[in-house]
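Participant: turn this into a model:
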Amino acid sequence: MIFKEKNYDLLSIGAHPDDVEVGSGGVLIDLNKRGYKCGIVILTQGEMGTGGTAKIRTEEVKKAAKILGADIVKTFDWGDTKLEDTYDKRLELAKVIRRCRPKVILAPYPHVGHGKRQSHPDHVAAGVLALNAANLAALKKIDIPGERHLVTRIFHYFLPPGITPNFVIDITPHFEQWIQALSAHQSQFLNPEKSKNYIEYLTAMARSFGLLARCQYGQGFYAVEPILMKNMMMFVED
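Facilitator: Sure thing, here's the model as predicted:
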């Protein structure tokens with residue numbers, strides 16, 4: 001994959017070809033419209049999904065990325081349902097981070113939830129990999145190409161039961177465009193062989209996050225560390 005820009009403001013990392021769109025797609029649309037450069041990193045081909053094939057899903061994610069206004073900077077083939085946090089994978093992802101030099105990384109929540117709706121193991125592994133790779137990318141003596149790079153913040157999506165987002169991004173102005181990006185993954189979300197209406201489900205999820213933050217549609221994220229605000233009025237300004 002050829003990098004269209006050396007530096008990106010934000011990288012969103014997903015385990016599967018549609019994860020970034022589901023968990024952070026509305027935010028990528030918003031940032032693109034604000035002039036920020038966003039990149040997508042996908043860790044598996046999604047070949048174990050009920051619908052589609054690896055080839056079909058590759059084409060779907062290309063269509064979705066165009067709608068989001070984001071670049072697919074790297075796609076790995078680390079095994080759908082087999083994703084693990086290993087040192088070699090940390091190094092490979094750290095190379096991407098050094099190449100793209102993002103200020104912010106978005107990644108799935110790196111722990112398993114409780115209750116019936118457990119977190120997908122690949123999502124958890126992707127979150128752990130993102131954290132560990134970001135750490136390696138910042139080390140001066142690590143044996144990988146590029147200058148060391150310290151990511152300013154890492155925020156998590158795909159929050160499991162019991163974890164409430166501690167901030168929500170309003171995606172209401174971009175809701176229809178987000179739905180278009182999701183619909184580009186036809187094999188997953190518009191597959192007549194599937195009984196579940198995924199677009200309706202994801203709409204309800206965005207609505208629930210919006211209700212938490214007093215907007216119509218939102219996407220929720222979890223910040224492990226407190227968010228530093230230099231100006232309290234930023235909480236109430238657009």
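
Participant: residue ranges for the helices of the chain, please.
Facilitator: Counting by DSSP state H, the chain forms helices over residues 19-33, 54-68, 87-100, 121-137, 175-183, 186-189, 198-213, given from the N-terminal end onward.

Participant: which one of these lies closest to Gly146?
Facilitator: For the helices of the chain, distance to Gly146 was read as CB to CB. The smallest value, 3.5 Å, belongs to helix 87-100. To be clear about C-beta, it is placed using only N, CA and C from the backbone, and glycine gets the same treatment.

Participant: CA-only coordinates of that closest one in PDB, if you can.
Facilitator: As requested, the backbone C-alpha atoms of helix 87-100 are provided in PDB (Å, rounded to 0.1, in the frame of the first residue of the first chain):
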ATOM      1  CA  TYR A  87       6.100  -9.000  19.400                       C
ATOM      2  CA  ASP A  88       6.600  -9.400  15.600                       C
ATOM      3  CA  LYS A  89       3.100  -7.900  15.000                       C
ATOM      4  CA  ARG A  90       3.900  -5.000  17.400                       C
ATOM      5  CA  LEU A  91       7.000  -4.200  15.400                       C
ATOM      6  CA  GLU A  92       5.100  -4.300  12.000                       C
ATOM      7  CA  LEU A  93       2.300  -2.000  13.400                       C
ATOM      8  CA  ALA A  94       5.000   0.300  15.000                       C
ATOM      9  CA  LYS A  95       6.500   0.700  11.600                       C
ATOM     10  CA  VAL A  96       3.200   2.000  10.300                       C
ATOM     11  CA  ILE A  97       2.900   4.400  13.200                       C
ATOM     12  CA  ARG A  98       6.300   5.800  12.600                       C
ATOM     13  CA  ARG A  99       5.600   6.200   8.900                       C
ATOM     14  CA  CYS A 100       2.300   8.000   9.500                       C
END
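
Participant: same for that helix, what does it pack against?
Facilitator: Contacts defined by 3 or more CB pairs under 8 Å, 6 or more residues apart in numbering; DSSP states H and E place helix 87-100 against strand 10-14, strand 38-42, strand 71-75, helix 121-137.

Participant: low-confidence ranges in this structure?
Facilitator: Applying pLDDT under 70 to the chain picks out residues 1-6, 113-118.

Participant: name the nearest residue to Asn132, ignoring sequence neighbours.
Facilitator: Once flanking residues are discounted, Asn132 sits nearest to Arg90: 4.7 Å by CB to CB, 6 or more residues apart in numbering.

Participant: from memory that neighbour sits against Val128, does it?
Facilitator: No. Here Arg90 lies out of contact with Val128, judged by CB atoms under 8 Å, at a distance of 9.3 Å.

Participant: pick out whichever of these two has more residues nearby.
Facilitator: Set side by side, Arg90 and Val128 show more neighbours around Arg90, with 22 against 18, by other CB atoms under 10 Å.

Participant: return the residues in contact with the more buried one.
Facilitator: With contacts defined as CB atoms under 8 Å, 6 or more residues apart in numbering, Arg90 is in contact with Leu129, Asn132, Ala133, Leu136.

Participant: which residues touch Ala65?
Facilitator: Each residue near Ala65 by CB under 8 Å, 6+ apart is listed here: Ile40, Asp71, Ile72.

Participant: next one: Leu129
Facilitator: Ile13, Leu43, Leu83, Asp85, Lys89, Arg90, Leu93, Ala107.

Participant: re earlier: which of the contacts of Ala65 tops the neighbour count?
Facilitator: Using other CB under 10 Å as the neighbour definition, the contacts of Ala65 reach their maximum at Ile40, which records 28 neighbours.

Participant: rewinding a little: of all the helices of the chain, which one is nearest Gln219?
Facilitator: Once CB to CB is applied to those, the stretch that comes out nearest is helix 19-33, at 5.1 Å.
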